[in-house]
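> Need a 3D model of the following:
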Amino acid sequence: MIYAGQFYDKDEDNDVNDVTDALWCQSANNVTNIGVWYYPNGTEVPLFDGEFGDTSAPSPVFSKRFSGQIALARSAGLSGYEGLYKCIIPDENGVDQTLVVGAYTDTGYNNNDGPDADPTMQLSLLSTSRLATPPVFSLSFNVSDGPPTTVSCSVNGNGISTELSHVIVNGSGSVTRVRVTVRLREAGNYQCTVFNTRVINGPISGNSHPNADSSTSSLSISVSDTPTGLTVTRLSTGLAHVRLSWSTVSGATGYEVYYQFLTFTPLSVYNTTSTTINITSGLFRGITYIFYVVSYESASLPSGNVSVMLTISDPVVNDFMARLNTSTSITLTWSPPTALVPISYNINRRCRRVCESSVTSNSETSVLSPHTLTGIPPYSQCGFDLIGVYGAEIVYLTTNYLATATHSTAPTGSVGDIIFSSVESVSMTVSWDEVPCNGRNGPITGYYLTYTNITSNTSYTVNITGGDNRMYNLTGLIPYTNYTLSIIPYNYNMNGPARQEIQLTAESSKVTEISISLT
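From the prediction side, this is the model:
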């Protein structure tokens, strides 16, 4: 910073070298006619080819070029022209460099004794996502009472590369908006320092020489550490419900949670101060997700992210089976599905007797392993569905599991009608209808046929084996005699009820004796 009384268009202090006391912008590049001075409003300061002190020079300031340098000279008061003057001049490599000078009236200079940075620093995330690696963000703040000649930033005490821009908010008041663009992700303390060199001890006159003095002002924000210990757990309240948990980050004021699937951009789903959240919507079965968590402090600059992957697969039970059968019950066992344990289980059952095609269905809810289903008819074949209940959703963990048939038991039904045919005096053929299906209780493996001579009360029993053979020839009977016939079905030596009928054998053929006399 400088004020009007500290630069001129002449040798004000009359030094021995007669150097004009202008503002000199000098480069190691000794080419002639280089450099440009700009007014605070951005327009070029006019060049003047005449001599210093020439009254025809532009007013209040003008520029004059020399070999490797360009001067900014003042020929009149600066009122109305205060602010930041810039000199752009190429260095020895031909790369333009910028010198910024705040030039003010005496009053403006005295009012601008800074630089004074505002007590707060604002952060703006320029990346489209907090998960960008590295994120691009800007640190912005106002500097008043003197333009910043230099701005330097560091993180944890180490200098960082920045992109810097200045915008004059209030020229005469010397309020400058500074924005520092940073491409970095590192936890810790971000600090920016503004530095301004002021020319003091003026004005230049006689043997009075101004000196350079500097002042600084700093601002800082903190970035929290990356969260750790991120875990994802599926919840039984829904097939695509999950819980995320992570460790507390010291100093963090909040956390942001994202998820990503396939190649889509990560989606922000939660901002929270908690270290545990439940996600109960927006996720789908059969998809692999990556979950991310970042922390942030009051400045909202994201930390590095911690991530975890989860495939939301359907739960399946592979060991659903019948462990114990009786004649009227089946006990089922299973292990919980590894993907996700349900809140409860339901079982659908469909049973039919082996000897018929009609099926009886019913359901049982809120069951646990092992579970015994009762009231099943003997020798019935059953199919089962095991259903997992997840809140308002269900999933078939096993479908149409066919268990072995319930055990056989003694028949409870007798044979059907007994039919007599080919009835002779000493023989007859007996046949009978099968035991009704609902009375068999298993496969009929044979019959006991007992026939009794009612007159002599003599009984004979025949064991008819070989399965369901329902016909038998009785021989050696007594003519014209009533016989009681009893048939008992059996199932693996378990006898059922008997059915009886009475049948009379036929009369025997009569032989007539004929006498013949010969005379």
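
> doesn't Gly5 fall inside a helix?
Yes: counting by DSSP: H, G, I helix; E, B strand; the rest coil, Gly5 is part of a helix.

> Could you count how many residues lie near it?
When neighbours are counted by other C-beta atoms under 10 Å, Gly5 registers 19. Any C-beta I mention is one placed from the backbone N, CA and C, and that applies to glycine too.

> got it, and Ser67?
11.

> ditto for Phe320
Using other C-beta under 10 Å, Phe320 has 20 neighbouring residues.

> OK, contacts around it?
By C-beta atoms under 8 Å, 6 or more residues apart in numbering, the residues touching Phe320 are 332-334, 384, 386, 397-398, 401.

> Return the closest of these with respect to Gly77.
Distance to Gly77 across the contacts of Phe320 (C-beta to C-beta) is lowest for Leu397, with 91.0 Å.

> buried ones in the helix or strand hosting the closest one?
Element membership of Leu397 [criterion: DSSP states H and E] is strand 393-403. Buried residues in strand 393-403, counted by 16 or more other C-beta atoms under 10 Å: 395-398, 401, 403.

> Next secondary structure after the longest helix anywhere in the chain?
Criterion DSSP state H: the longest helix present in the chain is helix 106-111. Following helix 106-111 in sequence order, the next helix or strand is strand 116-117 (DSSP H and E).

> helices or strands up against that following strand?
Packing partners of strand 116-117 (3 or more C-beta pairs under 8 Å, 6 or more residues apart in numbering; DSSP states H and E): strand 136-144, strand 211-223.

> what's the least confident stretch among the ones you listed?
For those, mean pLDDT drops lowest on strand 211-223, to a mean of 74.

> What is the subsequent helix or strand relative to it?
Next element after strand 211-223 (DSSP H and E): strand 231-234.

> pLDDT of that next one, averaged?
96.

> ok, that strand: who's next to it in the sheet?
strand 242-245 (antiparallel) (DSSP bridges).

> how distant is the strand it pairs with from the center of its chain?
Relative to its parent chain, strand 242-245 has a centroid offset of 9 Å by C-alpha atoms, centre = their mean, to the nearest Å.

> Pull out the buried residues from it.
242, 244.

> pull the CA atoms of it into CSV?
Below are the C-alpha coordinates for strand 242-245, written out as CSV (Å, rounded to 0.1, in the frame of the first residue of the first chain):
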residue,chain,number,x,y,z
VAL,A,242,-30.1,-52.1,6.2
ARG,A,243,-28.3,-50.5,9.2
LEU,A,244,-25.0,-48.6,8.8
SER,A,245,-22.8,-48.0,11.9
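
> which outside residues touch that strand?
Residues outside strand 242-245 that contact it (C-beta under 8 Å, 6+ apart) are 229-235, 257, 275-279, 283, 291, 293, 308, 310, 312.

> Repeat the analysis, applying 6 Å as the threshold.
231-235, 276-279, 291 (C-beta atoms under 6 Å, 6 or more residues apart in numbering).

> ok, now stretch 384-402?
236-239, 314-315, 317, 320, 337, 342-344, 346-349, 383.

> circling back to that earlier point, extract the C-alpha set from the strand holding Leu397 and format it as PDB.
Once non-C-alpha atoms are left out, strand 393-403 reads as follows in PDB (Å, rounded to 0.1, in the frame of the first residue of the first chain):
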ATOM      1  CA  GLU A 393     -42.800 -58.500   3.200                       C
ATOM      2  CA  ILE A 394     -42.600 -62.300   2.900                       C
ATOM      3  CA  VAL A 395     -40.300 -64.500   0.900                       C
ATOM      4  CA  TYR A 396     -40.500 -68.200   0.100                       C
ATOM      5  CA  LEU A 397     -37.400 -69.700   1.600                       C
ATOM      6  CA  THR A 398     -38.200 -73.200   0.400                       C
ATOM      7  CA  THR A 399     -41.000 -74.200  -2.000                       C
ATOM      8  CA  ASN A 400     -42.900 -77.500  -2.400                       C
ATOM      9  CA  TYR A 401     -40.700 -79.600  -0.300                       C
ATOM     10  CA  LEU A 402     -42.100 -83.100  -0.400                       C
ATOM     11  CA  ALA A 403     -41.800 -85.100   2.800                       C
END
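
> List the strands paired with that strand, with their directions.
strand 380-390 (antiparallel).

> quick one: average pLDDT of the strand it pairs with?
The model assigns strand 380-390 a mean pLDDT of 95.

> Same check on stretch 238-256?
For stretch 238-256, the mean pLDDT works out to 95.

> Between its first and last residues, what's the separation in it?
Stretch 238-256 has an end-to-end distance of 23 Å (C-alpha to C-alpha, to the nearest Å).

> still on that earlier bit, can you name the two of the contacts of Phe320 that sit furthest apart?
Pairwise distances across the contacts of Phe320 (C-beta to C-beta) peak at 13.2 Å, for the pair Thr333 and Leu397.

> hmm, back to that, make a ChimeraX selection of the buried ones in the contacts of stretch 384-402.
To isolate the buried ones among those in ChimeraX, judged by 16+ other C-beta under 10 Å, type:
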select :236,238,239,315,317,320,337,342,346,347,348,349,383
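
> from the contacts of stretch 384-402, which ones fall inside strands?
344, 346-349, 383 (DSSP state E).

> Poorly predicted segments of this protein, please.
147-149, 164-174, 200-214, 299-300, 509-519 (pLDDT under 70).

> And the helices in it, which stretches?
106-111, 437-440.

> Figure out which of these is closest to Asp96.
helix 106-111 (28.1 Å).

> next one: the closest one to chain centre, how far?
In terms of C-alpha atoms, centre = their mean, the centre of helix 106-111 is set 60 Å apart from its chain centre.

> In that helix, which residues are buried?
108-109, 111.

> in terms of contact, does Val175 touch Ser144 like I think?
Yes: between Val175 and Ser144 a contact is recorded at 4.8 Å, counting by C-beta atoms under 6 Å.

> if we can go back for a sec, and which of the buried residues of strand 393-403 is nearest to Thr162?
Nearest to Thr162, judged by C-beta to C-beta, of the buried residues of strand 393-403 is Val395 at 54.5 Å.
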